[in-house]
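**Student:** sequence? don't have it. structure:
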Ligand code: ZN
């Protein structure tokens, strides 16, 4: 059977401010901080995961906030824009919310859909689109009622240095289907109902520079470990050099760089974020993998304090 991903598993980006990131993704966007852990390769840096109530694949954006990181530049070889999907009829709510919070927005359209575009505090490009498909999030926080809550990713806009090659990889490796072309973008669709709409630039784009305010990689969904092994074979047979399968605690991962310069990961849906703490209280406690537990006091001391808090604009 042909391998087809259902869509995005997660997106990982670099930022500077830990609290600023929590305030934006939880305080402004109303997402749940579903996991507070550390960069396993650099325990002085947080790894923060935001998503829907359950931390479902297709809703997860993750960050390594590091105050000293250099500013990156968005460009070719990166995810240029991360798209979030909200329920039909809720775009006006979001426009009003960003305006109330003094966050500049740009209104635009792509493939006939109205988009609200904005940047996070480090300059990551975000957009909001309304669509009927995709399960509603059950999470509500601050001024975001549950019926307006972000469902998860609508998809992403890939900025490729070699778009024709990126398109071939999306179609022939990941199993996406090309569904439209309009202006500067080609649109691809994965089989799932979240994180399933991927747009790619038509003209090659000059390479960006990695750093704060840029996406590091985009991960695609694998069903389970068996499926993951099949994905690795397919990536290898397609001429790429995938990493070995890596245990990331909440999923297993493999990485490869596609020919347009973008770092792709394939990540398993299981075991998920309730693996090491109860689903009800996920994200509240700093979670460490076993091999770091004996250094907990030291690690906690080295991390800046962060708090999920209701922003002032929502308290009035
Ligand atoms: Zn990842």
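**Tutor:** Perfect, thanks for sending it. Predicted model only: the values in this text are computed from it and were never measured.
**Student:** which residues of this protein lie near the ion?
**Tutor:** Near the ion, the residues belonging to the chain are 12, 219, 265 when assessed by CB under 5 Å from the ion. Heads up, the C-betas are built off the backbone N, CA and C, glycines and all.
**Student:** out of those, which are buried?
**Tutor:** If you count burial by 16 or more other CB atoms under 10 Å, the buried members of these come out as 12, 219, 265.
**Student:** re earlier: tabulate the residues of the chain next to the ion (JSON lines), appending pLDDT and secondary structure.
**Tutor:** Output for these, formatted as JSON lines (pLDDT from 0 to 100; DSSP: H, G, I helix; E, B strand; the rest coil):
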{"residue": "12", "pLDDT": "98", "secondary structure": "strand"}
{"residue": "219", "pLDDT": "98", "secondary structure": "strand"}
{"residue": "265", "pLDDT": "98", "secondary structure": "strand"}
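**Student:** go through those residues and name the one nearest residue 272.
**Tutor:** The closest of the residues of the chain next to the ion to residue 272 turns out to be residue 219 (CB to CB; 13.7 Å).
**Student:** hey, what's the closest residue to the ion within the stretch 1-150 of the chain bridged with?
**Tutor:** Residue of the stretch 1-150 of the chain nearest the ion, by CB to the ion: residue 12 (4.6 Å). Residues in a beta bridge with residue 12, per DSSP bridges, are residue 62, residue 217.
**Student:** in the stretch 201-316 of the chain, which spans are strands?
**Tutor:** Assigned by DSSP state E, counting those that start in this stretch, the strands in the stretch 201-316 of the chain fall at 214-222, 246-247, 251-257, 263-271.
**Student:** just say which of those strands is most tucked in.
**Tutor:** Among the strands of the stretch 201-316 of the chain, ranked by average contacts under mean count of other CB atoms under 10 Å, first place goes to strand 214-222 (a mean of 24).
**Student:** helices or strands up against that strand?
**Tutor:** strand 8-15, strand 78-86, strand 263-271 (3 or more CB pairs under 8 Å, 6 or more residues apart in numbering; DSSP states H and E).
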